[in-house]
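**Student:** okay, predicted coordinates and the sequence, questions at the end:
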Amino acid sequence: MKITMIGTGYVGLVSGACFADFGHDVVCVDKDAGKIAAIESGRMPIFEPGLDQLVGSNAAAGRLTFTTDLAAGVKGADAIFIAVGTPSRRGDGHADLSYVYAAAREIVGALDGPAVIVTKSTVPVGTGDEVERIARELRPDLDIQCVSNPEFLREGAAIGDFKRPDRVVVGTTGSERAIAVMSQVYRPLNLNQAPLMFTGRRTAELIKYAANAFLATKITFINEMADLCEAVGAEVQDVSRGIGLDNRIGGKFLHAGPGYGGSCFPKDTLALVKTGQDHDAPIRIVETVVQVNDLRKRAMGRKIVKALGGDARGKKVALLGLTFKPNTDDMRDAPSLAIVQALEDAGATIVAYDPEGMEVAAPMMPSVTMASDAYEAADGADALVLVTEWDIFRALDLKRIAAAMAGKALIDLRNIYPLAEAQDAGFTLTRVGASGATA
């Protein structure tokens, strides 16, 4: 099949490369000529493990091509995927759908025959209706089917998620042709026995938001439990394990930390809240999740100041990890942003190291000095803070670090290091959700 992907951002590039790896002929379209040129030369616009090899091998095989010419790209396509950005709209928090609708108009205007237009971007309920209205208005002469096919890709594990998904959700209005086309698009997944779930289009749109909101709620719940553990003298890691072993709950997304960030959870929870308010069906749980998560990030800055004896002025703080999670360079709504701001407000000087995120982070935190590795960051520091749980931070030589530091405060916001190991190196350890918080 010929598949056209509109947008070469995170979702579009990963999806396009994976579809090509399945054997489909894929054309990726983007208005940014510089981005297209970079991808064609092997430079990916995002960091995602294995993506450069996947793109390179399929481009070399002729199954994956790139262009800025949308009209040429959609010609003869069996399915045209819209994978453009839907950021939070400034002012009210709604998803900004201007890029989606602009893409739809341009696609429809370029069509020369029947087509299935698939919204891959994360969009609020009813977006597919508007895409269909645009299609009917501009080209009433063509059989254009509009489908919702939300993505469920985790940054850092996106290729595996695409090829071995828990489920594939396709929302249609019941068109047999659309169902047949989407079944063929995802036929290569039959071997993996991935469930292909057909629903109504509005239902599919809501499934995506509901899934992300539920996961964000699990994270926020265990973070609040961590605060309670600190207050009553319990251990949040044991609480997480104790409830996660219940099959009805499950252990995923029950790791206490500095709060969620990234490209999905912050904007999707906010968009779902706004959708509920607009339809007089407020989602109080999700409203609280958004508020609690926002407050938690800056609270982590106060936790660090407390570990410094309550006064950070003139102190040097070393941060390990800046991205919102490992295996990505994504800094969107990363907890480190609020932590840095809180520490700078308290008068601290900050040095940081992240394996992939420093180039993206530097313009967002211009006063922070970027180090070449964890040991350089820690040199002369009064406190060392583990913010993002990159694998390379899991087995640091704590004795070497402690010897190079001016102070001995270790604030582990991901609960990576056991108390005994930290104490053996000479550190005073502050954890999340631990008895008394500091041990």
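**Tutor:** Okay, I see it.
**Student:** quick one: low-confidence ranges for this structure?
**Tutor:** Applying pLDDT under 70 to the chain flags residues 436-439.
**Student:** let me know the secondary structure of the residue of it positioned farthest from its centre.
**Tutor:** Going by Cα atoms, centre = their mean, the residue of the chain most distant from its centre is D141, 39.5 Å out. Secondary structure state of D141, per DSSP: H, G, I helix; E, B strand; the rest coil, is coil.
**Student:** and it, how close does it get to G380?
**Tutor:** According to Cβ to Cβ, to the nearest Å, D141 and G380 sit 71 Å apart. The way it works is simple: take the backbone N, C-alpha and C, and place the C-beta from them, glycine included.
**Student:** could you do L272 as well?
**Tutor:** When L272 is compared with G380 (using Cβ to Cβ), they lie 45 Å apart.
**Student:** what of A402?
**Tutor:** To G380, A402 is 12 Å away according to Cβ to Cβ.
**Student:** with neighbour numbers in mind, choose between these two.
**Tutor:** Using other Cβ atoms under 10 Å, the more surrounded residue of A402 and G380 is A402, with 18 against 13.
**Student:** so which helix or strand takes in that one?
**Tutor:** According to DSSP states H and E, A402 maps onto helix 398-404.
**Student:** export that helix to CSV, keeping only CA atoms.
**Tutor:** Extracted C-alpha coordinates of helix 398-404, given in CSV (Å, rounded to 0.1, in the frame of the first residue of the first chain):
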residue,chain,number,x,y,z
LEU,A,398,29.4,7.5,44.7
LYS,A,399,32.7,7.5,46.7
ARG,A,400,34.5,9.2,43.9
ILE,A,401,31.7,11.8,43.6
ALA,A,402,31.5,12.4,47.3
ALA,A,403,35.3,13.0,47.5
ALA,A,404,35.0,15.7,44.8
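**Student:** what segments of the stretch 51-200 of the chain are strands?
**Tutor:** In the stretch 51-200 of the chain, the strands defined using DSSP state E, counting those that start in this stretch lie at 64-67, 79-82, 115-119, 144-148, 168-172, 196-200.
**Student:** other residues contacting the second one?
**Tutor:** The list of residues contacting strand 79-82 from outside it, by Cβ atoms under 8 Å, 6 or more residues apart in numbering, reads 1, 3-7, 12, 15, 74, 100, 103-104, 107, 115-121, 131, 149, 181-182, 185.
**Student:** ok, now the third one?
**Tutor:** Judged by Cβ under 8 Å, 6+ apart, the contacts made with strand 115-119 from elsewhere in the structure are 74, 77-82, 100, 104, 107-108, 127-128, 131, 135, 142-149, 177-178, 181-182, 205.
**Student:** buried residues in stretch 412-431, which are they?
**Tutor:** 412-417, 422, 425, 427, 429-431 (16 or more other Cβ atoms under 10 Å).
**Student:** okay if I get the strands of the stretch 51-200 of the chain as CSV plus mean neighbour count and distance to R296?
**Tutor:** Output for these, formatted as CSV (neighbours: other Cβ atoms under 10 Å; distance: least, Cβ to Cβ, whole Å):
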stretch, mean neighbour count, distance to R296
strand 64-67, 20, 40
strand 79-82, 27, 34
strand 115-119, 26, 32
strand 144-148, 26, 32
strand 168-172, 22, 30
strand 196-200, 15, 34
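**Student:** A406: which of those strands is closest?
**Tutor:** Among those, strand 64-67 comes nearest to A406, with 50.5 Å by Cβ to Cβ.
**Student:** hey, C-alpha coordinates of that closest one in PDB?
**Tutor:** Extracted in PDB, the C-alpha atoms of strand 64-67 (Å, rounded to 0.1, in the frame of the first residue of the first chain):
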ATOM      1  CA  LEU A  64      10.600   5.500   2.600                       C
ATOM      2  CA  THR A  65      10.900   8.900   0.900                       C
ATOM      3  CA  PHE A  66      10.600  12.500   2.000                       C
ATOM      4  CA  THR A  67       9.300  15.600   0.300                       C
END
